[in-house]
Every structure is written in C-alpha cells, then in structure tokens.
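Trainee: I need the structure of the sequence given here:
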Amino acid sequence: MTFDMQKVYDYIDQHADEYTEFLRTLVRQPSIADTGEGIQDMVKLVKQSLRGIGAQPQEVPTPGNPVIYAEIKGERDKTFGFYDHYDVQPVDPLNEWVTPPYSADVRDGAIYGRGVADNKNGLASKICAVDAFLKVYGKLPVNVKFIVEGEEEIGSPNLEVFAKAHPELLACDGYNWEGGVKEPGEPAQVHFGAKGLLYVELECQGPKTDSHSCYAPIVTNPAWRLVWALSTLKDKTDRVLIPGFYDKVRPLTQEEIDILKTDPYNTEAAKEYFGIDHFLNGKTRDEVLRGMYYEPTCNICGLVSGYIDPGQKTVLPAKAGVKIDFRLVPDQNPEEIAASLRKYLDDNGFADVQLKVTAAAPAFRSDPHSPFARAVVNALRGLYGEEPALHYSMDGTSPMHVFCKEQNIPAAMFGATSDRSLIHAPNEHLTISSYIEDIKIIAAVMNQMALED
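Mentor: Numbering: from 1, shown residues only. Down below sits the predicted model:
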C-alpha cells in the first residue's frame, strides 16, 4: 500500500492541540529516577498511553525502575525501534523556575517544564505519529517497537541487564534514539552515535568533624587536598594529563573531517546563548566542532566542601568532594581510564583521595551508510526539501551501545528539538511548533523505511 503522507501531516496539524495536551500530561507527572519521585505513577501513565494506540505494553522488571516494552505490527516486515526514557532530571534550583517545573505552562508558543525536551517529547511524538497513521489509514507502514526505560538520567545502570535478558525484544532495523535537533531556519541534524562516559566522585577526608579555621596551620584541609589533586588532571590548554588517556583515540579520517562541513553550528549564536565573548582557549569554529564531536574531555560537574551559605563562618572542613565526568571517544575504555586515574592520583601523592565510579559507558558509532540511515536521510530531505546535517557522533552520551553493539543495529538521533531548550536546567522548554514537527519527522521516517529496499 502507498501512503499519502500529506494526509498524515494534515491530520497531525488538525490534532495539534490534542497532541500538545498529551505532552503536557506527561510533563505534569514527576518522574525522577534519582529519588524515585513519581516513578510508579509515570509507569502507569506510559502504559496507559501505549494502550491508547492499541499496543499491549509489558512492564519488564529490572533491579531498578522497570522498562516498558510494546510493539505494533505494520504492513511491511521491517521494524522501526523507538528508544526513549520516562525519567527526568531533578528540578533544582527550584527558585530559578519562572513557573513550577511540573506545571507544563504554555507561554509564547512554548511548553515549560522538566522533561518536556528531554525526553518526554520524544516519547509523546512517537506515540502521536503512530496514532496519526492508524487514524488515517488503520495500519502502519512498518512494525514499531517501543522501549522506554526509567533510569537514563542516572546512567542507565540496569539497561544492560534488560538487554542481555531480552535480546529478542531489541531486534529491529534501526532505532530513533530519543530525538534530535533542528534549529529554526537550519537543516535537520542527524547523529549516528554518541560519546562515551566515565562519571566519578572524588572525596577527601580531613579531621573527623568541621573545625575552627584557627587550626589551619596544624590540621590537613581536605578542600586544599582536593584542589591540588584536581590541578594535576588538566593543563591550561585543556589537555588531560592522566597517563595513557589519549593512547587509544583514533586519528580522524578525511570523511570524519569533511562531514563537519555540513554542520550548521552558529558560533555567534552559541556565544550569545552562553553569555561569553570567546570559546575556551580561543577555539575557532572548526576546533569547536572537532572538540564537541571527536575529542575526549574531563569536566568538573560540582565541588562541595565546608560552609557555602551566605555570610561568614570560619571553618576548616572535615570533607571535600567533587563530581567529574569524562566524555570519551571510540576505543577509549571507561574502566581503563578509571584505573589510570586511580594510579595517577596515587603516584602523585593523593592516595588519601577516595575514588568512586558512578557511571561508565563506552562510545558508540553506527553505520551512517546503512539502509536505516538512508531512510532517515531521505525522509528528512523529502520533508524539508534540503539536505540534513550529518554527524558520526553527538557531543553527549547515551546507552546506544547496550542495545546496538551486540546485534549491530543502526541507531540515529533526529528530531526538531533546539539545543537552546535548557534541558537539565531551570525553565526547560520546547516550542509547540517543534514538537509538532517531531511528530511529522517520525511519521516520515516510518513511511520511508517501508519504501527502502
């Protein structure tokens, strides 16, 4: 059967208010994996939403939050996989939100709320795309699978448990991983992989309790110990100094360099967004893109020690702690990097600094020339009338490798979210027009998969 996509797009436009209210309903439900707040109610809401499009969702238990699985058969024996997550980041700092984070407030054509752009929009757009196809034609062009986890924002610690226990549920011709970016007036972006991650916590113990700062001449200050340890990790050019850190970083191919030319990254808009007048170390546009997509990093996420409230308190703290994330590239092994970090601290006299690994994931790249990749590119080209911007990797991390590596399943991130949506930050938002575009993109790729040989 040939599907007239304009009829599907028209239906989506005609039901934009209904689909927008559906997304707002998801956003209004708290679902913080880190604390467990609202998780069980969110699980019920996701299952209810999938039943609403005729699916029979399964709640698959894990040692943590459950994975929700559902599938719907289509006309052709090809399967479009949807990976999303129903958990969200914490809302702190609460006082910086203009409206409550779970109000799903609508203003100036955008929905504001925690999780609206990461990643409840992705789940909602897929459900709505399926709904639109079924309402217009009573069938789908291809099979679809929904896999929705509830721990992505804490590093997906149990997703591998699910994947190893249920490999048959993962099998498909390609995944749309969460969503993707399309800035107004710019081409759609497609990312075929993700950087890896090593997340660690370092802690240093001083006296058994906070003490008066008059004892600074005679008692070790753990905050200073930690600061000195941190100063050994990178030099002023931002190069990581841990021995062997770069040993497995692959040299860039010419194809990897050339593909960056398709990137629509606007350096001046980025500076304005961040409120800066130059990039780190005066990087040029090419250096910025290479850094984001192809180079590993070492970043301090947060430092805590002593008295940090308003006013004065002359104290020598008992403890100091820091959270650090390393973004890794293909062939860098998170466990090896962690072991090298431990040895490096010991060799430099910081054996007293405790190290705890809280998350680890290798980088992943899927084949940008696969039939699934071709379907994505052709669908976006047809929808927008221009070539999409292609990337071998995104600058962030996802657990793609857990699903895709063993069975060699291609994956891609694509959608219509903005990089300026303030995900993980106060006042996270998504324009309603972008969300409606997201629904059409999923529908377009679903149809194109049926057309590709």
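Trainee: tell me where the stretch 351-453 of the chain has helices.
Mentor: Taking DSSP state H, counting those that start in this stretch as the criterion, the stretch 351-453 of the chain contains helices spanning 371-384, 400-404, 432-451.
Trainee: tilt between the longest one and helix 371-384?
Mentor: Angle of helix 432-451 versus helix 371-384, following axes from the mean of the first three to the mean of the last three Cα atoms, to 10 degrees, is 130 degrees.
Trainee: what's helix 432-451 packed up against?
Mentor: Applying 3 or more Cβ pairs under 8 Å, 6 or more residues apart in numbering; DSSP states H and E, one finds that helix 432-451 contacts helix 5-14, helix 16-28, strand 76-85, strand 110-112, helix 120-137, strand 142-149, strand 174-177, helix 371-384. C-betas here are computed from N, CA, C, even on glycine.
Trainee: out of the helices of the stretch 351-453 of the chain, which is closest to Leu123?
Mentor: Each of the helices of the stretch 351-453 of the chain has some distance to Leu123 by Cβ to Cβ; the shortest is helix 432-451, at 10.5 Å.
Trainee: would you pull up how far the closest one lies from the middle of the chain?
Mentor: Helix 432-451 has its average C-alpha position 20 Å from the chain's average C-alpha position, going by Cα atoms, centre = their mean, to the nearest Å.
Trainee: could I get the buried residue list for that helix?
Mentor: When neighbours are counted by 16 or more other Cβ atoms under 10 Å, the buried residues of helix 432-451 are found to be 432, 434-450.
Trainee: got it, and stretch 227-246?
Mentor: Ala229, Leu230, Leu233, Lys234, Val240, Ile242, Phe245.
Trainee: where's the third one relative to Gly74, distance?
Mentor: It stands for Leu233. Here the distance between Leu233 and Gly74 works out to 50 Å (Cβ to Cβ, to the nearest Å).
Trainee: please apply the same query to the first one.
Mentor: Distance from Ala229 to Gly74, counting by Cβ to Cβ: 55 Å.
Trainee: ok, the second one next?
Mentor: As for Leu230, its distance to Gly74 is 53 Å (criterion: Cβ to Cβ).
Trainee: please apply the same query to the fourth one.
Mentor: As defined by Cβ to Cβ, Lys234 lies at a distance of 50 Å from Gly74.
Trainee: cool, and the last one?
Mentor: Distance, Phe245 to Gly74, using Cβ to Cβ: 46 Å.
Trainee: repeat for Gly275
Mentor: Taking Cβ to Cβ as the measure, Gly275 falls 47 Å from Gly74.
Trainee: neighbour count for those two, which is higher?
Mentor: Neighbours of Gly275 and Gly74, each counted by other Cβ atoms under 10 Å, are more numerous for Gly74; the result is 20 against 6.
Trainee: sketch out the low-pLDDT regions of the protein for me.
Mentor: Nowhere does the chain drop to pLDDT under 70.
Trainee: redo that, cut-off 80
Mentor: Residue ranges of the chain with pLDDT under 80: 1, 406, 453.
Trainee: for it, what's the longest strand?
Mentor: In the chain, ranked by residue count with DSSP state E as the criterion, the top strand is strand 193-205.
Trainee: which strands or helices does that one pack on?
Mentor: Contacts defined by 3+ Cβ pairs under 8 Å, 6+ apart place strand 193-205 against helix 222-230, strand 319-328, helix 334-347, strand 354-361, strand 364-365, strand 394-397.
Trainee: compare those and give me the one nearest Arg250.
Mentor: Each of these has some distance to Arg250 by Cβ to Cβ; the shortest is strand 364-365, at 10.2 Å.
Trainee: mind giving me the packing neighbours of the closest one?
Mentor: In terms of contact count using 3+ Cβ pairs under 8 Å, 6+ apart, strand 364-365 is assigned the packing partners strand 193-205, helix 400-404.
Trainee: redo that, cut-off 6 Å
Mentor: strand 193-205 (3 or more Cβ pairs under 6 Å, 6 or more residues apart in numbering; DSSP states H and E).
Trainee: give the next helix or strand downstream of the strand it packs on.
Mentor: Sequence-wise, the next helix or strand beyond strand 193-205 is strand 211-212, with elements assigned using DSSP states H and E.
Trainee: what's next to that next one, contact-wise?
Mentor: The contact list for strand 211-212, computed with Cβ atoms under 6 Å, 6 or more residues apart in numbering, reads Leu316.
Trainee: what pairs with that strand, parallel or antiparallel?
Mentor: Note on strand 211-212: by DSSP bridges, its sheet partners are strand 315-316 (antiparallel).
Trainee: re earlier: grab the CA positions of the longest strand of the chain and hand them over as PDB.
Mentor: Only the C-alpha atoms of strand 193-205 are listed here, as PDB (Å, rounded to 0.1, in the frame of the first residue of the first chain):
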ATOM      1  CA  GLY A 193      26.500   7.700  17.600                       C
ATOM      2  CA  ALA A 194      27.400   9.100  20.900                       C
ATOM      3  CA  LYS A 195      30.400   9.800  23.100                       C
ATOM      4  CA  GLY A 196      31.200   7.500  26.000                       C
ATOM      5  CA  LEU A 197      31.100   8.500  29.600                       C
ATOM      6  CA  LEU A 198      33.000   7.900  32.800                       C
ATOM      7  CA  TYR A 199      31.500   9.600  35.800                       C
ATOM      8  CA  VAL A 200      33.500   9.600  39.100                       C
ATOM      9  CA  GLU A 201      33.300  11.100  42.600                       C
ATOM     10  CA  LEU A 202      36.400  12.000  44.400                       C
ATOM     11  CA  GLU A 203      36.300  12.600  48.200                       C
ATOM     12  CA  CYS A 204      38.900  13.600  50.700                       C
ATOM     13  CA  GLN A 205      38.600  13.300  54.500                       C
END
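Trainee: how many neighbouring residues does Ser393 have?
Mentor: The burial metric for Ser393, expressed as a neighbour count using other Cβ under 10 Å, is 23.
Trainee: quick check: it vs Tyr69, distance?
Mentor: Relative to Tyr69, Ser393 is positioned 27 Å away (criterion: Cβ to Cβ).
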